[in-house]
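1. Okay, predicted coordinates and the sequence, questions at the end:
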Amino acid sequence: MRFAEPWFLALLACPLWWGWTLWRARKQPPAYLGFSALTLLGAVPRSARVRWHRIAPWIPLLGLTLLILALARPQSARHLEDIKVRSRNLMLVLDISSSMKASDFKPGNRLEVARKVLGDFARQRDGDLLGLVVFAGRAFLQAPLTPDAGLVESMLAKVDIGQLPDGTAIGTALALALAQLKDLPANASTIVLVTDGANNTGKPTPFVAAEAARALGIRIHAIGVSSADTTGHNRRFIWRWGGRQADRLTSSDEAILRRVADRSGGRYFRATDPEMLASIMREIDPLERVEVRIGETRDWRELFPFLLVPGLLLLSLELGLGLGRLRTVP
């Protein structure tokens, strides 16, 4: 049951104060005139009139209480529908360090492309819970888990390089995402990490975060974004594109991300261009969902007539008694 207009319940303070006043008055000795003793009449039973006089003050009080409850419009569920949905809990973890400025992902830089692809991914998450963590030298919860995919998409559009101290705190970001998922069904909870570098600051380390994810049963899918490395070297180096210096993801960096993903039961992906990144997100999409049953009320039955009619009858009764059987002369 619910009240459609619950603010009317505040009016119950009036009958409560009235009832308290009547209760106090019944304990006070009444004013009286002295007459001869009537002890011989003590065994005479009380008449109906006397008994009505005792309960009469409470009749309008009860009637007023019922009318106030009727104004609040109590309702009961008339049609309760059991709806089954398959839901996921997804935390997006996005790198916004300065290396994401690299323009090897045309037509924009890595961050611009990642924001667009993740935004498109979020827009298609009907029935899922989505959250967003951004990180550089520190991690920040940009959007907690929410069913509002539009909110997450708008938050993605606002993130930019320079909002956090520079660096790559992957482990810290993963720990923050795990904190959002730890109390939810593990087999429907997933972290999608998008980064272009290796962890170089913050605590815990990515490996510790991966162990925590494994213990919780939460998968981490890691996506490394960087143009293809054709040098054959296993070290990070500086290259130039359009006059801008940028870091390239090396095979040793990929090994770390792959180990983090594998340890948690997820997968590692390498995206070398916008089309591949979009393809990876489509591949991540068909993850196993958990079936959730939701009881949704489609219709409500109004109950106020069952309170309104007795309340009006009680007030009418009090008025009738005052004009009739319990009528008094001033």
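-> Done, it's in.
2. Start from the N-terminal end of the stretch 1-150 of the chain and give the strands.
-> Along the stretch 1-150 of the chain, counting by DSSP state E, counting those that start in this stretch, strands occupy 2-3, 74-87, 89-95, 129-135, 139-146.
3. okay if I get those as a markdown table plus mean neighbour count?
-> (C-beta placed from N, C-alpha, C; glycine too.) A markdown table is the format used below for the strands of the stretch 1-150 of the chain (neighbours: other CB atoms under 10 Å):
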| stretch | mean neighbour count |
| --- | --- |
| strand 2-3 | 14 |
| strand 74-87 | 12 |
| strand 89-95 | 24 |
| strand 129-135 | 25 |
| strand 139-146 | 18 |
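4. what's the least confident stretch among these?
-> With a mean of 67, strand 74-87 has the lowest mean pLDDT of the strands of the stretch 1-150 of the chain.
5. measure Arg143 to Phe121 for me?
-> Actually, residue 143 is Ala rather than Arg. According to CB to CB, to the nearest Å, Ala143 and Phe121 sit 14 Å apart.
6. for Trp20, same thing?
-> Trp20 is 61 Å from Phe121, by CB to CB.
7. Show me where the stretch 151-300 of the chain dips below the pLDDT cut-off.
-> Applying pLDDT under 70 to the stretch 151-300 of the chain flags the ranges 228-247, 285-298.
8. where do the helices sit along it?
-> Applying DSSP state H, counting those that start in this stretch to the stretch 151-300 of the chain gives helices spanning 170-181, 206-216, 251-264, 274-284.
9. Out of the ones you listed, which is the most enclosed?
-> helix 170-181 (a mean of 24; mean count of other CB atoms under 10 Å).
10. Give the other helices and strands that that one contacts.
-> When contacts are defined as 3 or more CB pairs under 8 Å, 6 or more residues apart in numbering; DSSP states H and E, helix 170-181 sits against strand 89-95, strand 129-135, strand 139-146, strand 189-195, helix 206-216.
11. As TSV, these with distance to Gly266 would be great.
-> Formatted as TSV, the helices and strands packed on helix 170-181 follow (distance: least, CB to CB, whole Å):
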stretch	distance to Gly266
strand 89-95	12
strand 129-135	16
strand 139-146	18
strand 189-195	7
helix 206-216	8
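12. Of those, which is nearest Ala271?
-> Closest approach to Ala271 among those (CB to CB): strand 189-195, 8.3 Å.
13. who touches the closest one?
-> Contacts to strand 189-195, defined as CB atoms under 8 Å, 6 or more residues apart in numbering, come from residues 88-95, 114, 118, 168, 170, 173-174, 177-178, 181, 213, 216-225, 257, 260, 264, 266, 281, 284, 287.
14. Check stretch 144-155 too.
-> With contacts defined as CB under 8 Å, 6+ apart, stretch 144-155 is touched by 89, 91-92, 119, 122-132, 142-143, 180-181, 184.
15. ok, 10 Å please
-> Stretch 144-155 has contacts (CB atoms under 10 Å, 6 or more residues apart in numbering) with 87, 89-92, 115, 118-134, 142-143, 177, 179-181, 184, 189.
16. Around Leu67, how many other residues sit close by?
-> Per other CB atoms under 10 Å, the neighbour tally for Leu67 reads 20.
17. And it, how far from Arg73?
-> 12 Å.
18. shared neighbours of the two, anything?
-> Joint contacts of Leu67 and Arg73 (CB under 10 Å, 6+ apart) are 8, 304, 307.
19. Quick check: of these, which lies closest to Thr201?
-> Phe8 (57.0 Å).
20. Let me know how buried that closest one is, in neighbour terms.
-> Residues lying near Phe8 (other CB under 10 Å) number 16.
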